[in-house]
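Participant: sequence below, structure please.
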Amino acid sequence: MKSPKKQRLYYSGKKKHHSLKAQMVIAWQWAQIICCDCEKGSTHDFKLLKKSRVHFQQGQLCLADAGYQGLHKRHQRSHTPHKKPKGAEQKQENQLLEDV
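Facilitator: Numbers count the residues shown, from 1 in each chain. Modelled structure (predicted):
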């Protein structure tokens, strides 16, 4: 029986290829990059955000994609789309986030 192949550090089992995940936090009002961080491809988006230790100001609005579910617990003015919208109301909320 063969021993299993050792996968490389940047192999993503979900995507079935080697990848590198990059995250950028941008203040779009000033077109300024606040933070940039990279990690191996299998790292979850929210885990990468916690690792980068970015802190948002109290009244600052934060728009993020669906990979950052749970950000609302850390920052009250954060908005993420519903992962699997159930009903017309959630689909409409997701559409409003896309328009911003």
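Participant: all contacts plus neighbour counts: C-alpha atoms, from now on.
Facilitator: Fine.
Participant: point out where this protein drops to low pLDDT.
Facilitator: Applying pLDDT under 70 to the chain flags the ranges 1-10, 12, 15.
Participant: what about the strands in it?
Facilitator: Ranges of strands in the chain, per DSSP state E, are 11-12, 17-18, 20-27, 32-40, 62-63, 78-79.
Participant: among those, show me which one is buried the most.
Facilitator: Among these, strand 78-79 has the highest mean neighbour count (mean count of other Cα atoms under 10 Å), at a mean of 20.
Participant: ok, that strand: who's next to it in the sheet?
Facilitator: strand 62-63 (parallel) (DSSP bridges).
Participant: from Asp37, how far out is Ala88?
Facilitator: 36 Å (Cα to Cα, to the nearest Å).
Participant: now the strands of the chain as CSV including distance to Leu97?
Facilitator: Output for those, formatted as CSV (distance: least, Cα to Cα, whole Å):
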stretch, distance to Leu97
strand 11-12, 29
strand 17-18, 31
strand 20-27, 17
strand 32-40, 21
strand 62-63, 8
strand 78-79, 8
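Participant: so what's the residue count around Gln95?
Facilitator: Counted by other Cα atoms under 10 Å, the residues lying close to Gln95 total 12.
Participant: check contacts around the closest residue to Asp37 other than its chain neighbours.
Facilitator: Once flanking residues are discounted, Asp37 sits nearest to Gln23: 5.3 Å by Cα to Cα, 6 or more residues apart in numbering. Shown in contact with Gln23 (Cα atoms under 8 Å, 6 or more residues apart in numbering): Cys36, Asp37, Cys38, Asp45, Leu48, Leu49.
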